[in-house]
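no letters, just coordinates:
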DNA sequence: GTCTATACTTCGATAGAC
DNA sequence: GTCTATCGAAGTATAGAC
């Protein structure tokens, strides 16, 4: 047997990621997901049960994977300042690997978690917890300024997710000749973000640098 | 004539703001908007023509008003560092007055501008332009660090919009007993944001403070 | 596990009287 | 300008054969 063809659920999840991220829960069409995954609708319902269950499975998978990546950074043997910058890099990397991540996250925030169950909500809630842990550790060691951990989470996550998730609308703006920008690249954006985050959260210089 | 009753269009726009922000374009129901505005559907179509036209009217109104507020700050007789902090305050104030602003913005970014026409897209594009103007002025005067204007836009806007727009999902998390937080208040958030922005974009200290 | 055909529902939009 | 009634298009989900 050259091809086991045991790939339906994975293909469906991938198709669901594309569809839900591009159109949102209400805008997504089960027919389209099935077609994109090259299975028929009945097959999709056979594996996932309902549109909502598929959506939850997708989000649980997405946020669980992201949290795992961030946990690696949080528990790495690095000084807190470097962990913080590494978080920026890792969030960017997560988006680079899963292009649908930003749209899904932005939509779910806007949606208020309406379609989610407790497990999926818990997976989302893990992200701020991990960032908060890094910041609090840094403050304790005197390496970082004391800031509210939730503020740190938003200061780091929000710009990256909105900027990278904004690629499609920037294309739309460009189409209409409305974009001014000497296109900022994701690479440059990440570099500048790291610098901004470093400065925003650096501990006030108590011991002065020698003159 | 005690009450002109000439309020249908405004009431419809207000109802549309609530519905579209809570459910998105595809999830919004024209019936619900009409009911909330206490007009019937035919009346709504009489005034706005279609669901899409109503959506565009709402977004054009929303972003035009926000841009006007920000332009005031940009052209105020203030040093750039203060303008920057004032932008933080103003974005927070805009959200305080129009609670649906964050959700609408997050959704439209995720949506990629699909439902928008050129005018509405232009109104959205005005926001980064205004922030960029402040940052470039500051860099020219040596008051601010040289950063890409688009980066500055996202660094300021994104955390505020995502944090304030995230209130509903934080409530959902709290309902399930998943929130750790010693609830960060919007006021404290704004104060800390101003501090972070100030540090992130301050010009490197060339002239040392006297010892 | 896989597919076709279809039941059932909801929603955007309009016709047409007042 | 305002309203009631309704059409027609989609959309989720399932029945039932293979």
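Arrived safely, thanks for sending. Because the structure is predicted, anything quoted here is derived from the model rather than measured.

which bits of chain A sit near DNA strand D?
Residues of chain A lying close to DNA strand D (C-beta under 7 Å from any atom of the strand) are A:28-31, A:41-42, A:45, A:49-52. All C-beta atoms are positioned from the backbone trio N, CA, C, and that covers glycine.

hmm, stretch A:109-122 in reach of DNA strand C?
No - for stretch A:109-122 and DNA strand C, the contact criterion (C-beta under 7 Å from any atom of the strand) is not met; the two come no nearer than 13.6 Å.

name the residue of chain A that lies nearest to DNA strand D.
Shortest chain A-to-DNA strand D distance, computed as C-beta to the nearest atom of the strand: residue-wise this is residue A:51, at 3.4 Å.

that residue contacts residue A:31, doesn't it?
No - with contact defined as C-beta atoms under 8 Å, residue A:51 and residue A:31 do not form a contacting pair (10.7 Å).

domains of chain A?
Following automatic domain parsing, one gets these domains for chain A: A:1-49, A:56-210.

just how off-centre is stretch A:81-96 within its chain?
11 Å (C-alpha atoms, centre = their mean, to the nearest Å).

likewise stretch A:183-192?
The mean C-alpha position of stretch A:183-192 is separated from the chain mean by 17 Å, C-alpha atoms, centre = their mean.

neighbour-wise, which of residue A:51 and residue A:31 wins?
Shown here are residue A:51 and residue A:31; by other C-beta atoms under 10 Å in any protein chain shown, residue A:51 has more neighbours (19 against 12).

quick one, what contacts the more buried one?
Listed by C-beta atoms under 8 Å, 6 or more residues apart in numbering or on different chains, the contact partners of residue A:51 are A:25, A:28, A:30.

my guess is the first one meets residue B:25, correct?
No - the pair formed by residue A:25 and residue B:25 falls short of the contact definition of C-beta under 8 Å, at 11.9 Å.

output the domains of chain A in CSV; the columns should cover mean pLDDT.
Supplementary listing: those in CSV, determined by pLDDT from 0 to 100:
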stretch, mean pLDDT
domain A:1-49, 89
domain A:56-210, 94
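
need the winner for burial among the ones you listed.
Mean neighbour count (mean count of other C-beta atoms under 10 Å in any protein chain shown) peaks for domain A:56-210 among the domains of chain A, with a mean of 19.

where does the residue lying closest to residue A:179 once chain neighbours are set aside fall, phi/psi-wise?
With sequence-adjacent residues excluded and distances taken as C-beta to C-beta, 6 or more residues apart in numbering or on different chains, residue A:179 is closest to residue A:173, at 4.6 Å. Torsion angles at residue A:173 (phi, psi; degrees, to the nearest 10) stand at phi -60, psi -40.

list the contacts of residue A:173.
When the contact criterion is C-beta under 8 Å, 6+ apart, the partners of residue A:173 are A:179, B:113, B:121, B:124-125.

ditto for residue A:204
Residues near residue A:204 by C-beta under 8 Å, 6+ apart: residue A:145.

next, it: secondary structure please.
Residue A:204 carries the three-state label coil when classified by DSSP: H, G, I helix; E, B strand; the rest coil.

that older thread, format the contacts of residue A:173 as a markdown table; extra columns: secondary structure.
Rendered in a markdown table, the data for the contacts of residue A:173 read as follows (three-state DSSP):
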| residue | secondary structure |
| --- | --- |
| A:179 | coil |
| B:113 | coil |
| B:121 | helix |
| B:124 | helix |
| B:125 | helix |
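
residue A:15: which of those is nearest?
In terms of C-beta to C-beta, no member of these lies closer to residue A:15 than residue B:113, at 23.0 Å.

residue A:169 is in contact with the closest one, correct?
Yes - taking C-beta under 8 Å as the definition, residue B:113 is a contact partner of residue A:169 at 4.3 Å.

shared neighbours of those two, anything?
Common neighbours of residue B:113 and residue A:169 are listed as B:121, B:124 (criterion: C-beta under 8 Å, 6+ apart).

ranges for the helices of chain A?
Using DSSP state H, the helices assigned to chain A run over residues A:8-27, A:30-36, A:41-48, A:51-74, A:80-97, A:101-111, A:118-140, A:149-165, A:167-175, A:186-201.

now do the shortest one: everything it contacts.
To tie it back to what came earlier, the one meant is helix A:30-36. The set of residues external to helix A:30-36 that reach it, using C-beta under 8 Å, 6+ apart, is A:12, A:15-16, A:18-19, A:40-41, A:43-44, A:51, A:54.
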